[in-house]
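Student: With the input below, show me the fold.
(chains A, B and C)
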Amino acid sequence: MAKSSQLLDNEALRAYATYATIVLLKMMLMSLITAYFRITRKAFVNPEDAASFGKGEGAKKYLRTDQDVERARRGHLNDLENIVPFLGIGLLYALSGPELSTALMHFRIFAGSRIFHTLAYLIPLPQPGRGLSWAAGYAVTISMAYKVLKTVLYL
Amino acid sequence: MAKSSQLLDNEALRAYATYATIVLLKMMLMSLITAYFRITRKAFVNPEDAASFGKGEGAKKYLRTDQDVERARRGHLNDLENIVPFLGIGLLYALSGPELSTALMHFRIFAGSRIFHTLAYLIPLPQPGRGLSWAAGYAVTISMAYKVLKTVLYL
Amino acid sequence: MAKSSQLLDNEALRAYATYATIVLLKMMLMSLITAYFRITRKAFVNPEDAASFGKGEGAKKYLRTDQDVERARRGHLNDLENIVPFLGIGLLYALSGPELSTALMHFRIFAGSRIFHTLAYLIPLPQPGRGLSWAAGYAVTISMAYKVLKTVLYL
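Tutor: Residues are numbered from 1 along each chain as shown, chains lettered A, B, ... in the order given. Predicted structure coming up:
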């Protein structure tokens, strides 16, 4: 069989690998942002976490929600909801033999839309900034799904 | 190496690509359903979203939870929890050389179970409708995982 | 083309398939744990679910949150947030031609960290037990992402 390293010799697959890794790293960054807000705002949900910042009754007051923590968490969940479809559909799209330039355009728009979405969520920017960035990523995912289904449809 | 388009010449992989894309598109639909309920019920979580529907104090009354919005969100999260395992295990299963007819049966039951699950959640149907549709998708995923581990186990 | 079953002849890919399946099965187990707590604690969120345990007003008192249910749900969401990056980055890493022993070390640490994380969350263990197990899985995912980007970078 082909050596596994050759599986990534295909340029569209290499582009997919690059952008998929970038958006996943960006999504992972949300964990650190949430942790940062939890610690600086002293807003925890697990008693064993709050216990690091106070003893007994003193710790209980840190079991609370905070607007910045919740905002980071919503951004994280929105990433999951949109990056999971990109991971699956994007891989199948890269395997379906797209034009390299078209594939790159799809991947770049998606990665850009998710990075802008996070900024729009955390700053926060007034709408429709966040909405439009979400829609751009959504639209290119639908476009890739259309190409996949047109190429491989096997029901 | 083989051209990338040939990677999807295998029929089990094509079937996987088709059904994976379908369930991901169905999951993406949950975003639109949530947005539809948020806008028609005027129930938002971000102040900058509510601001499109009223100014100052007028917007604050739209920062609230709504039963239909929450129901759509729970359906979306349940999709994530079940479709992510299908994406990973289903791909490995398709690569493990299954009988085509067996693979198609697994993929069809899974896609059907998730579509029925969404209907059962949104209508909502009385239990055990939603529970059974969830269990069907869960069971075929376990069945595929068993085949994968039997074929490739390398600890 | 190569037969699809041969795609999994590569040892690093077989190791990935094994550990990806294990962590996904572990994640799926969270659904059963949540359901177990919901039923034994009688704590539901959907009226149609509570209706199985009481009629009319009797069912309404079961529409409540429970600490054990919420803990299992948080563990499940944390799995999603961390296992999704592992699935994507781990696959690309396995395709990037790593040393088998290095790949195995990454996969084993990740699987171990997620299993320990779940135990630390559910028991619960005092911090930093859960934090360190989360960090171990996070660190090996970053390490794999670095290898992927170094091998395939195509922006």
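
Student: which residues in chain A form helices?
Tutor: Here chain A has its helices, by DSSP state H, at A:4-7, A:11-41, A:47-50, A:57-60, A:67-95, A:100-122, A:129-152.

Student: So which of those helices is the most surrounded?
Tutor: helix A:67-95 (a mean of 22; mean count of other CB atoms under 10 Å in any protein chain shown). For every residue, glycine as well, the C-beta is placed using N, CA and C.

Student: before we move on, the earlier item: nearest to C:Ala111, of the helices of chain A?
Tutor: C:Ala111 lies closest, by CB to CB, to one member of those: helix A:11-41, at 17.6 Å.

Student: For that closest one, name the packing helices and strands.
Tutor: If you count contacts as 3 or more CB pairs under 8 Å, 6 or more residues apart in numbering or on different chains; DSSP states H and E, helix A:11-41 packs onto helix A:67-95, helix A:100-122, helix C:67-95, helix C:129-152.

Student: Contact partners for the residue nearest to A:Tyr16 when sequence neighbours are not counted?
Tutor: In space, and not counting its chain neighbours, A:Tyr16 is closest to A:Ala94: 3.8 Å by CB to CB, 6 or more residues apart in numbering or on different chains. Applying CB atoms under 8 Å, 6 or more residues apart in numbering or on different chains to A:Ala94 gives the contacts A:10, A:12-13, A:15-16, A:103, B:4.

Student: how close does A:Ala94 get to B:Arg38?
Tutor: Distance, A:Ala94 to B:Arg38, using CB to CB, to the nearest Å: 33 Å.

Student: and the residue in chain A that chain B sits nearest to, how many neighbours?
Tutor: Chain A approaches chain B most closely through A:Gly97 (3.1 Å), counting by CB to the nearest CB. Using other CB atoms under 10 Å in any protein chain shown, A:Gly97 has 17 other residues around it.

Student: Does A:Ile142 touch B:Met28 like I think?
Tutor: Yes - contact criterion CB atoms under 8 Å: A:Ile142 and B:Met28 qualify, at 7.5 Å.

Student: and for these two, which residues touch both?
Tutor: With CB under 8 Å, 6+ apart as the test, A:Ile142 and B:Met28 reach no residue in common.

Student: mind listing what the most centrally placed residue in chain A touches?
Tutor: Centroid-nearest residue in chain A: A:Asp79, 3.5 Å away (criterion: CA atoms, centre = their mean). Contacts for A:Asp79 were tallied using CB under 8 Å, 6+ apart; they are A:23, A:26-27, A:30, A:114, A:117-118.

Student: Distance of the spatially closest residue to A:Phe116 that is not a sequence neighbour relative to A:Asp79?
Tutor: Ranked by CB to CB, 6+ apart and with sequence neighbours excluded, the top spatial neighbour of A:Phe116 is A:Ser133, at 4.1 Å. Using CB to CB, A:Ser133 is found at 12 Å from A:Asp79.

Student: try A:Leu25
Tutor: Going from A:Leu25 to A:Asp79 by CB to CB gives 11 Å.

Student: got it, and A:Leu92?
Tutor: Distance from A:Leu92 to A:Asp79, by CB to CB: 20 Å.

Student: Over to A:Asn10?
Tutor: Taken as CB to CB, the span from A:Asn10 to A:Asp79 is 27 Å.

Student: Next: A:Gly97.
Tutor: A:Gly97 is 28 Å from A:Asp79, by CB to CB.

Student: so who does A:Pro126 touch?
Tutor: Counting by CB under 8 Å, 6+ apart, A:Pro126 makes contact with B:48, B:51.

Student: Cheers, nothing more for now.
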